[in-house]
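Novice: coordinates for the following, if possible.
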Amino acid sequence: MPSDPTHRTCSYCNTQYRRQGFRTHENACRKLIQQDDTDIGQASEHDHLPPFRTASPVSQFEVDDIQVRYHPNSGCPTQVYHFEDYRCGPGAPAAPPKVDPEPWRPFRTRIDFEVAELAHEAALTHEQMDRFIKLIHRSRCELFTLRNRKDVRDTWDAASFKLTPFTKEEVVVPFQGVDQTFPFFHRSLWDWAVDLLQDPEVGPHFVFDAQQLSKFDGEKFVQYIHEPWTANAFWEHQSKIPSDGKPLAFVLYADKAKLSSFGHAKGYPIVARCANLPAAVRNGEGLGGGRVVGWLPIVKEDKKHSKKPAFVNFKNAVWHTSFLTLLACLAPLSKLGSPVRCWDDVVRTFYPIILILSADYEEQVVMALIRGLMGKFPCPVCLIPREELSKGLNTYRLRSSGDAKALRAWARDSMTAEVREQVLSSESLRDVDNAFDTMEHTDVYQALSFNKLHFNDEGKFDHLWMELQKWITNSGRQAAVFESFPRWRNLNHFDQVVSISFADGTKYEDISKAYLLLRCIQSYVEFNTYASLEVHTEDTIRDGRNTLLELTELMDIYIKDTADFLEKSWNFPKMHLSAHLFDDIEAKGPNEKMHGPLKDAYQDHTNFKNFAEQILRYNHDSLVAEYIRSKMECLDAQNFGSSIVPDPLEADSDGLESTEPTDAQHFSLGSQQATKSFAEIEAANTGDAAFDRFRIKLNEFLNCAFAANGIPFPNGRRIQLAANDMITEFRFIKVSYESLIDWRISMDYLRCNPMFHGSPRYDCVILQAESGPIFAKLLLVFTCIVGDVTYPIALTLPYDQPVGARPRKDKDFKFWRVKAKPRASAECFSVQSIIRGCVLAEDSSRANKFLVVDTTDTDIFLQMKEIRAEAGY
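Specialist: Below is the predicted model:
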């Protein structure tokens with residue numbers, strides 16, 4: 001019989017654990033039992049990878065082993081790694097990079113740069129900067145040479161050439177026989193990429209060869225996708241270029257942005273990322289992160305010509321002529337390749353490709369040069385007829401750049417404008433040349449990618465939410481206080497929600513339709529969670545497709561049942577675009593992060609006139625400052641040794657530090673309180689049944705735990721803590737756990753605090769009990785000393801009572817219901833037993849019953865999916 005895939009048995013202590021938390025336990029066991037293995041072999045040319053084993057028969061594999069199949073052009077054989085050895089994340093340089101002894105140049109001194117950097121970040125006015133510099137001169141202990149704000153500006157300009165700067169070009173496009181000129185700001189995409197390839201800090205993170213990754217589940221290897229180079233399109237591109245070439249894949253994002261509060265000022269930035277870099281790097285804030293590489297012109301509307309086909313074509317032509325300028329540096333290299341001497345002094349030949357294009361629907365329409373909502377085929381990816389956008393998951397012919405280019409050429413050979421229009425409208429194309437056609441191996445329709453923010457959050461869910469508001473408005477409503485809903489880190493909290501109350505019995509038909517709508521919303525939330533996964537396996541893609549099918553079937557029924565009083569059409573493109581999501585993930589990997597807003601730069605760093613150039617100058621100065629700062633940190637690390645500065649975002653909000661989790665224990669305690677005796681604790685909680693016999697409960701727990709784990713009793717006698725013995729309370733726990741999504745270590749910040757930001761906060765957790773995982777609420781977290789050893793303990797209220805018959809809605813909405821024990825049944829557990837935190841929402845209609853909120857993060861979503869499956873739901 002195959003082993004239970006939801007549990008693992010530790011090979012060191014033979015204890016069985018659920019997958020969640022197993023890795024942490026096994027690592028701790030190994031460190032306690034095994035001696036360090038120093039015979040790890042000699043480093044190979046892939047020295048950032050662990051020792052490997054060539055792929056061998058299944059019987060030799062261990063659960064969770066990682067198999068890496070490299071693209072044939074890489075010259076690397078398929079390899080298998082133990083999970084603990086395989087590093088899924090960014091690599092590390094083989095040797096410390098060469099450090100610039102004066103990275104602040106052209107600033108004359110280090111303090112010159114640091115003062116200029118601070119003034120830049122604070123957006124000081126000219127007058128403030130001059131005053132600031134004068135103050136520095138009045139009390140200085142280090143040579144400071146900046147004289148005034150002009151000197152600062154001149155030095156920033158001199159420093160701008162450390163990295164690829166912006167240039168301004170004129171874009172000329174004719175309209176009705178008259179040339180129209182627009183400014184286009186951009187930086188060379190190729191030079192920007194070469195900056196990264198040659199940087200000794202960013203360079204080692206690059207991945208140049210396509211890979212197919214899979215994880216052994218005890219029976220077979222299951223493929224997973226977590227980066228673009230592990231998906232199909234990257235592999236296919238490497239197969240099309242010469243065997244000694246390497247793909248250099250770009251991610252481009254373009255979207256109009258409102259810069260002023262009332263939206264009068266707009267910008268149109270183009271943001272680039274390099275898909276050869278890991279998500280943590282390309283989506284991060286460092287040098288390898290996303291960068292503004294262009295600023296598209298926005299054609300002003302002309303009342304005389306607005307919305308007319310010729311003027312719309314003209315606006316599209318301006319967009320593509322500008323983009324053609326941006327791509328001009330890449331187009332010839334996509335055909336011929338170009339050698340680059342990289343950070344490691346190795347010359348590699350790169351073939352650029354636009355792998356991913358991300359934007360809202362309106363921008364994707366422009367990229368694809370289709371006619372949008374009014375065209376016969378509004379989808380930028382496939383040829384679904386406009387009237388069928390809301391209907392199911394039928395498959396339609398995919399668009400391709402080759403087909404579009406051929407159809408456009410055929411139309412232009414037509415004898416009359418009427419025939420040309422008929423030919424182009426047959427696939428909703430525009431009579432404009434597509435800039436992306438200049439790129440070898442780039443198909444614009446394949447590059448267009450599902451955008452979760454725009455297509456789901458601001459598309460499908462926006463319709464569902466408005467529909468729900470309509471039902472509430474039409475059926476009568478009453479406000480319900482929502483204060484009882486638990487607070488959770490990074491989760492917005494609302495004081496009120498709306499609960500539906502029907503005024504008469506004639507509303508039962510409406511209730512059924514509203515119930516169906518709520519099922520649609522639940523199904524959408526589940527689908528949207530699959531869309532949010534950072535790593536996808538064959539299983540999650542299959543389950544995601546099934547969830548989308550379920551959502552589509554529910555929506556079809558709802559749309560049919562409410563057709564008689566439909567106020568808003570469901571036949572819109574974003575309703576359909578989710579049909580391409582999972583194909584997109586298989587081709588290019590999980591969703592890309594979007595670029596942050598530029599509104600602050602407009603507000604703080606411009607005079608609101610000709611602001612594009614000012615914003616881009618500020619943007620480039622910020623990049624240069626970040627570059628210089630990173631080199632200074634490397635210099636400091638070399639000269640003084642690395643020092644770890646606490647991340648203020650991860651600091652304990654109570655202002656008291658906590659220790660970091662270790663391999664032996666996956667938690668740390670913080671917000672330490674004054675030491676108190678058992679008598680004081682029990683007196684302070686008089687009337688709370690949870691603290692009745694508190695000391696006796698703890699004695700019983702410790703005695704059982706010592707006996708079960710073979711821990712010697714102090715002085716050979718059972719533990720009998722006295723009323724005057726002391727314990728130390730902690731009100732903050734940082735718990736690390738292995739995510740079921742990407743198998744990395746994630747962190748929960750848990751509170752057990754009678755007054756946290758003005759309200760009591762007692763978080764809930766999943767505990768590893770003898771019978772299996774249970775849910776519980778933290779009541780008190782403390783340490784007590786037994787013998788000479790300090791033990792971290794949690795007094796908890798278990799939610800493991802039988803819930804009885806589950807109502808139909810639990811199945812329809814995939815609720816997981818738990819029931820709390822009476823407070824007098826509070827139990828002690830080792831803090832080590834905490835698997836992770838969770839949110840439990842009280843069901844006000846059923847006493848002591850709670851619903852597990854499985855959408856706070858993607859890990860708890862999969863965790864609850866496993867729990868439901870184990871229970872047969």
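
Novice: pLDDT below threshold where in this structure?
Specialist: Scanning the chain for pLDDT under 70 picks out 1-59, 87-97, 139-140, 261-263, 475-484, 493-511, 592-599, 641-665.

Novice: how about the helices in the stretch 551-700 of the chain?
Specialist: With DSSP state H, counting those that start in this stretch, the ranges of helices along the stretch 551-700 of the chain come out as 573-577, 581-588, 599-605, 611-640, 678-684, 694-709.

Novice: how about the ones you listed in CSV, adding distance to Leu189 and mean neighbour count?
Specialist: From N, CA and C alone the C-beta is placed, and that goes for glycine too. Output for those, formatted as CSV (distance: least, C-beta to C-beta, whole Å; neighbours: other C-beta atoms under 10 Å):
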stretch, distance to Leu189, mean neighbour count
helix 573-577, 27, 22
helix 581-588, 18, 21
helix 599-605, 21, 17
helix 611-640, 15, 18
helix 678-684, 64, 15
helix 694-709, 60, 16
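
Novice: which among those helices is found nearest to Asp564?
Specialist: Counting by C-beta to C-beta, Asp564 lies closest to helix 573-577 out of the helices of the stretch 551-700 of the chain; the figure is 19.8 Å.

Novice: same for the closest one, what does it pack against?
Specialist: In terms of contact count using 3 or more C-beta pairs under 8 Å, 6 or more residues apart in numbering; DSSP states H and E, helix 573-577 is assigned the packing partners helix 361-368.

Novice: quick check: buried residues in whatever helix or strand comes next after the helix it packs on?
Specialist: The C-terminal neighbour of helix 361-368 among helices and strands, as given by DSSP states H and E, is helix 401-412. Neighbour counts over helix 401-412 (16 or more other C-beta atoms under 10 Å) mark 401, 403-404, 408, 411 as buried.

Novice: just stretch 387-398 next, same as before
Specialist: If you call a residue buried by 16+ other C-beta under 10 Å, then stretch 387-398 has these buried ones: 389, 391.

Novice: what's next to it, contact-wise?
Specialist: 378-379, 381-384, 445, 548-549, 552-553, 555-556, 559, 569-573, 575-576, 579 (C-beta atoms under 8 Å, 6 or more residues apart in numbering).

Novice: select only the buried ones of those in PyMOL?
Specialist: If you want just the buried ones from the contacts of stretch 387-398 in PyMOL, going by 16+ other C-beta under 10 Å, the selection is:
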select buried, resi 378+379+381+382+383+384+445+548+552+555+559+570+571+572+573+575+576+579
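
Novice: circling back: closest one to Met466 among the helices of the stretch 551-700 of the chain?
Specialist: Nearest to Met466 among these is helix 573-577 (13.2 Å), distances taken as C-beta to C-beta.

Novice: then the closest one to CSV, C-alphas only?
Specialist: Taking Å, rounded to 0.1, in the frame of the first residue of the first chain, the C-alpha atoms of helix 573-577 are listed here in CSV:
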residue,chain,number,x,y,z
PRO,A,573,-13.9,40.4,-21.7
LYS,A,574,-12.6,40.0,-18.1
MET,A,575,-15.4,37.4,-17.5
HIS,A,576,-13.7,35.3,-20.2
LEU,A,577,-10.0,36.0,-19.8
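
Novice: in CSV: the buried residues of helix 401-412, plus distance to Ala674.
Specialist: As requested, those are exported to CSV (distance: C-beta to C-beta, whole Å):
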residue, distance to Ala674
Ser401, 70
Asp403, 75
Ala404, 73
Arg408, 78
Ala411, 82
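
Novice: which one of those residues is nearest to Gln614?
Specialist: So of those, ranked by how close each gets to Gln614 (C-beta to C-beta), first place is Ser401, at 36.6 Å.

Novice: got the contact list for the closest one?
Specialist: Residues in contact with Ser401 (C-beta under 8 Å, 6+ apart) are 434, 436-437, 442-445.

Novice: may I see the buried residues of stretch 194-204?
Specialist: By neighbour count on 16+ other C-beta under 10 Å, the buried set for stretch 194-204 is 194-197, 199-204.

Novice: ah, wrong one, I meant stretch 352-366
Specialist: 352-361, 363-366.

Novice: among the contacts of Ser401, which are in helices?
Specialist: 444-445 (DSSP state H).

Novice: could I get the buried residue list for the longest strand along the chain?
Specialist: In the chain, taking DSSP state E as the definition, the longest strand is strand 772-786. In terms of neighbour count (16+ other C-beta under 10 Å), strand 772-786 has its buried residues at 773-784.

Novice: returning to what we had before: so which of the buried residues of stretch 194-204 comes closest to Ile727?
Specialist: Set against Ile727, the nearest of the buried residues of stretch 194-204 by C-beta to C-beta is Glu201 (47.0 Å).

Novice: neighbours of Phe691, how many?
Specialist: By other C-beta atoms under 10 Å, 22 other residues sit near Phe691.

Novice: residue contacts, it?
Specialist: Phe691 sits next to 681-682, 685, 780, 795, 826 when contact means C-beta under 8 Å, 6+ apart.

Novice: between the helices of the stretch 551-700 of the chain, which one is closest to Ala310.
Specialist: Among these, the nearest to Ala310 by C-beta to C-beta is helix 573-577 (24.0 Å).

Novice: so what touches the closest one?
Specialist: Contacts with helix 573-577, where a contact means C-beta under 8 Å, 6+ apart, come from 361, 373, 378-379, 381, 384, 389-390, 450, 454-456, 459-460, 463.

Novice: kindly recompute the last result at 10 Å.
Specialist: Outside helix 573-577, the residues that touch it by C-beta atoms under 10 Å, 6 or more residues apart in numbering are 360-362, 364-365, 372-373, 378-382, 384, 386, 388-394, 396, 448, 450-451, 454-456, 458-463, 552, 555, 559, 569, 584.

Novice: sorry, back to before: what is the most widely separated pair among the contacts of Ser401?
Specialist: Farthest pair in the contacts of Ser401 (C-beta to C-beta) is Asp437 and Tyr445. Separation: 11.3 Å.

Novice: intersection of neighbour lists for these two?
Specialist: Counting by C-beta under 10 Å, 6+ apart, the shared contacts of Asp437 and Tyr445 are 401-402, 404.

Novice: could you dump those residues to TSV with distance to Ala871?
Specialist: Output for the shared contacts of Asp437 and Tyr445, formatted as TSV (distance: C-beta to C-beta, whole Å):
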residue	distance to Ala871
Ser401	50
Gly402	52
Ala404	51
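
Novice: now do the buried residues in stretch 463-472.
Specialist: Those would be 463-464, 467-468, 470-471, for stretch 463-472 by 16+ other C-beta under 10 Å.

Novice: check contacts around the residue nearest to Phe175 when sequence neighbours are not counted.
Specialist: Excluding its sequence neighbours, the residue lying closest to Phe175 (C-beta to C-beta, 6 or more residues apart in numbering) is Phe314, at 4.6 Å. Phe314 makes contact with 173-176, 180, 299, 302, 305, 308, 432 under the criterion C-beta under 10 Å, 6+ apart.

Novice: now list the buried members of those residues.
Specialist: 173, 175, 299, 432.

Novice: got the contact list for Ala683?
Specialist: By C-beta under 10 Å, 6+ apart, the contact list for Ala683 reads 676-677, 691.

Novice: and Asn528, by the same measure?
Specialist: Taking C-beta under 10 Å, 6+ apart, we find Asn528 in contact with 452, 456-457, 460-461, 547, 551, 578, 855.
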